[in-house]
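Trainee: I would like the atomic coordinates for the input below:
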Amino acid sequence: MGGKQIILTSFWRSSCSWRVRIALAYKGLAHKISTIHLQRDGGEQFTAAYREKNPMSQVPLLEIKGNGSEKPYLLSQSMAVMEYLEEVYPDPPILPSSPIDRARVRQIAEIINSGIQPLQNSATMKKVEAAGGDKASWAKYWIEDGLGKLERQTAEFGNTRFLVSDSPTIAEFCLVPQLYGARRFGCEVNGWPRLLEVEARCLTLPAFESTCPENQLDAEN
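Mentor: Numbers count the residues shown, from 1 in each chain. Model (predicted):
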């Protein structure tokens, strides 16, 4: 990596942060974790200092120093960050070689990234609760609906070790944190055998196991 320094701002239980932690670990990229707490004191992501770096006031945030520019590169949004890492550090790959399989990986990732996770994130849940809704039931419904449909869809992609190919990709980097969230919200996961099979295979790999929420320095009971 030359003189580059990679700093990831993360929250231990954030599924989007976990995706990037997996990607960095899988690619063997040395990096530093900087933590912020998304609930403490109203959310440390809303401080002026953090908003100066990330106006969206979200995690993750990747900061790359020593990139040849006077200012560090600042990248937010997990999908953009993982795509950047794949382009700059292509080995080992986290996207398949064929265009159709790359598209399928992105399809799975976006089902989770756009179609499931935003409906159960803290900002959405606060709005549901403020409107008089049951936020836990809301999250459980949308997670079960989305992952149930994903289970059926991945059956179309053949009998590979992982969802699309024989090695993990961005699709698994999104799937494993989402299944963690499903259990957290009390979802019935046993109806998704293909997803669970792939998850179990992922969790035998150091990049997934070492980046689990419970293994982070800011983890809470």
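Trainee: So the residue nearest to Lys27 when sequence neighbours are not counted versus Leu24, what's the distance?
Mentor: Spatial nearest neighbour of Lys27, excluding adjacent residues (Cβ to Cβ, 6 or more residues apart in numbering): Tyr89 at 5.2 Å. Backbone N, C-alpha and C define where each C-beta goes, glycine included. According to Cβ to Cβ, to the nearest Å, Tyr89 and Leu24 sit 9 Å apart.
Trainee: which one of the two has more residues nearby?
Mentor: Legend: neighbour count by other Cβ atoms under 10 Å for Tyr89 and Leu24, higher for Leu24 (23 against 17).
Trainee: quick check: domain ranges of the protein?
Mentor: 7-92, 99-207 (automatic domain parsing).
Trainee: My read is that Gln5 contacts Lys65, right?
Mentor: Yes: between Gln5 and Lys65 there is a contact under Cβ atoms under 8 Å: 4.3 Å.
Trainee: show me the residues around Leu95 that make contact.
Mentor: Glu86, Arg102, Val105, Thr169, Ile170 (Cβ atoms under 8 Å, 6 or more residues apart in numbering).
Trainee: neighbours of the third one, just the number please.
Mentor: For Val105, the neighbour count with other Cβ under 10 Å is 24.
Trainee: closest one to Asn215 among the domains of the chain?
Mentor: domain 7-92 (8.7 Å; Cβ to Cβ).
Trainee: ends of that closest one, how far apart?
Mentor: 20 Å (Cα to Cα, to the nearest Å).
Trainee: ok, now stretch 208-215?
Mentor: 10 Å.
Trainee: got the buried residues for it?
Mentor: Phe208, Thr211, Cys212, Pro213 (16 or more other Cβ atoms under 10 Å).
Trainee: Contacts for that stretch, please.
Mentor: Contacts for stretch 208-215 (Cβ under 8 Å, 6+ apart): 12-13, 18, 21-22, 25, 168, 172, 176, 180, 202-203, 219.
Trainee: If we ignore the residues flanking it in sequence, what's nearest Cys202?
Mentor: Per Cβ to Cβ, 6+ apart, closest to Cys202 is Phe208, 4.6 Å.
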